[in-house]
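Chemist: Any chance you can model this:
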Amino acid sequence: MRRYWMVATLLLCGVCMGAAQVETKGLTVTSESEISVEPDAARIALGVTAEAPTAREAQTKVNEMMTKVMQSLGSFVRDRKDIQTTQLSLNPVYSNERPDMRGERKIVGYQASHVLTIRMTDFNRIGPAIDAAITAGANNVQSIQFLLENDAQARAEASRRAVAAARAEAEVLASAAGMQLGSVEAIVSMGAPTMMPFMAKAAMFDAQGGGMEVMPGNVRIRSSVTIRWALR
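Modeler: Numbering: from 1, shown residues only. Okay, here's the model as predicted:
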């Protein structure tokens with residue numbers, strides 16, 4: 001899958017200095033290329049949320065639930081470094097009644113939350129891992145993000161295609177103007193090639209109770225360059 005965006009500027013200007021004339025001719029093209037590649041890793045965001053009359057009770061509930069969830073993930077994630085806490089929260093729960101004379105609402109309890117990010121490279125085990133976590137008590141499955149960790153080759157390919165597309169467009173424009181491309185005078189990369197991970201929502205279960213089916217989508221790598229050529 002390829003996409004290219006080009007902006008070209010043809011610059012022909014003469015500068016007079018006494019009896020001599022110095023002429024500068026140049027063509028500048030900006031090109032963007034996007035490639036689509038298969039991911040090599042996934043990050044799953046899931047956790048537990050619980051409410052209780054007091055903050056301590058809510059936090060205790062969450063801790064107990066998370067202990068069970070962590071145990072359920074043990075057979076799916078071998079390296080403990082691949083499981084990280086990404087969010088902890090403890091917030092009051094307010095009554096639905098109208099605020100009192102001071103504009104304050106009554107606190108009726110507390111809600112605690114603990115969210116993990118889990119890294120996995122075996123995509124066939126993502127669904128079973130989520131199923132196991134839910135069975136153990138996870139009640140907050142947020143998302144699955146597919147990404148490319150070993151991305152050097154893909155980034156280089158995106159840059160090569162952006163440069164090739166820029167040159168092809170420059171040759172067309174130069175030919176249309178009755179000129180030829182000369183040497184490259186400048187190349188500017190518009191920042192490092194960027195990766196756009198594929199995000200999959202993780203809230204769909206088989207209606208027959210068959211668990212979660214996860215289908216990874218491709219990751220997009222985008223590169224943009226601006227190149228200036230001399231013209232002759």
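Chemist: What ranges does the chain have for its strands?
Modeler: Taking DSSP state E, the strands of the chain run over residues 3-17, 20-37, 41-52, 83-94, 107-120, 140-147, 181-189, 194-196, 198-201, 219-231.
Chemist: Nearest to Gly74, out of those?
Modeler: Among those, the nearest to Gly74 by CB to CB is strand 83-94 (9.4 Å). Placement of C-beta: from N, CA and C, glycine included.
Chemist: Dump the strands of the chain into TSV; add mean pLDDT as well.
Modeler: Below are the strands of the chain laid out as TSV (pLDDT from 0 to 100):
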stretch	mean pLDDT
strand 3-17	40
strand 20-37	77
strand 41-52	95
strand 83-94	94
strand 107-120	96
strand 140-147	90
strand 181-189	93
strand 194-196	76
strand 198-201	67
strand 219-231	93
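Chemist: out of those, which comes closest to Glu213?
Modeler: strand 198-201 (10.5 Å).
Chemist: Can you report phi and psi for Gly74?
Modeler: The phi and psi values for Gly74, taken as degrees, to the nearest 10, are phi -60, psi -40.
Chemist: ok, now the one 3 residues further on?
Modeler: Listed backbone geometry of Val77 is phi -120, psi 110, with angles given as degrees, to the nearest 10.
Chemist: Pick out the residue closest to the middle of the protein.
Modeler: Pro197 (3.7 Å; CA atoms, centre = their mean).
Chemist: list the buried ones in the longest helix along the chain?
Modeler: In the chain, assigned by DSSP state H, the helix with the most residues is helix 152-176. Within helix 152-176, the residues that count as buried by 16 or more other CB atoms under 10 Å are 154-155, 157-159, 161-163, 165-167, 169-170, 173-174.
Chemist: which strands and helices sit next to it?
Modeler: On a contact count with 3 or more CB pairs under 8 Å, 6 or more residues apart in numbering; DSSP states H and E, helix 152-176 meets strand 3-17, strand 20-37, strand 181-189, strand 219-231.
Chemist: Give me the helices and strands touching the second one, please.
Modeler: I take that to be strand 20-37. On a contact count with 3+ CB pairs under 8 Å, 6+ apart, strand 20-37 meets strand 3-17, helix 152-176, strand 219-231.
Chemist: Figure out which of those is closest to Arg105.
Modeler: Per CB to CB, nearest to Arg105 of the helices and strands packed on strand 20-37: strand 219-231, 44.9 Å.
Chemist: May I have the residues that are in contact with Met195?
Modeler: Leu147, Leu148, Asp151, Arg155, Val219, Arg220, Ile221, Arg222 (CB atoms under 8 Å, 6 or more residues apart in numbering).
Chemist: what's the spacing between the nearest residue to the third one once chain neighbours are set aside and Pro39?
Modeler: Once its chain neighbours are removed from consideration, Asp151 has its nearest residue in Met195; the separation is 6.0 Å (CB to CB, 6 or more residues apart in numbering). Using CB to CB, to the nearest Å, we find Met195 at a distance of 10 Å from Pro39.
Chemist: got any residues that touch both of the two?
Modeler: Leu147, Leu148, Val219.
Chemist: shouldn't Ile126 be in contact with Pro39?
Modeler: No - in terms of CB atoms under 8 Å, Ile126 does not count as a neighbour of Pro39; the distance is 11.4 Å.
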